[in-house]
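K.L.:
structure for the following, please:
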Amino acid sequence: MLASPAQKTSKPERKVLVSVKPQYPDVLRQSKIGGVVRLRAWILPNGTVSNVEILGGNPILAESAVAAVKQWKFAPGPTQTTDDISLNFNPHAD
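P.N.:
I've put the predicted structure just below:
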């Protein structure tokens, strides 16, 4: 069975022009609680993020990650696209 173009998983990702680093809640950093938050972002043709869905990760870290990604700016494109994003919260990083 052939996949239709709408089902392609090898779509080119939109280039991130501006990224905002998520706030790492102090209580989690001090408690050495970290991990990866997986998100799906809907990007409008003008490059702004219209919606972000949490796919997985610590719920408190995910809230911070969503707030940051909503401020990201992507390269313009011909249509709305989605992009899966993983953000790593490392309590051992400076």
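
K.L.:
contacting residues for the residue most central in space within the chain?
P.N.:
What sits nearest the mean C-alpha location of the chain, by Cα atoms, centre = their mean, is residue 85, with 3.6 Å. If you count contacts by Cβ atoms under 8 Å, 6 or more residues apart in numbering, residue 85 has them with 38, 39, 40, 41, 69. (Glycine included, C-beta is placed from N, CA and C.)

K.L.:
now it: how far from residue 26?
P.N.:
23 Å (Cβ to Cβ, to the nearest Å).

K.L.:
shaky segments in this protein?
P.N.:
1-12, 94 (pLDDT under 70).

K.L.:
quick one, strands of the chain?
P.N.:
Under the criterion DSSP state E, the chain contains strands at 16-18, 35-43, 49-56, 73-74, 81-89.

K.L.:
can I get those strands in TSV including distance to residue 63?
P.N.:
What follows is the strands of the chain, written out as TSV (distance: least, Cβ to Cβ, whole Å):
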stretch	distance to residue 63
strand 16-18	20
strand 35-43	9
strand 49-56	8
strand 73-74	21
strand 81-89	12
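
K.L.:
all good on my end, thank you.
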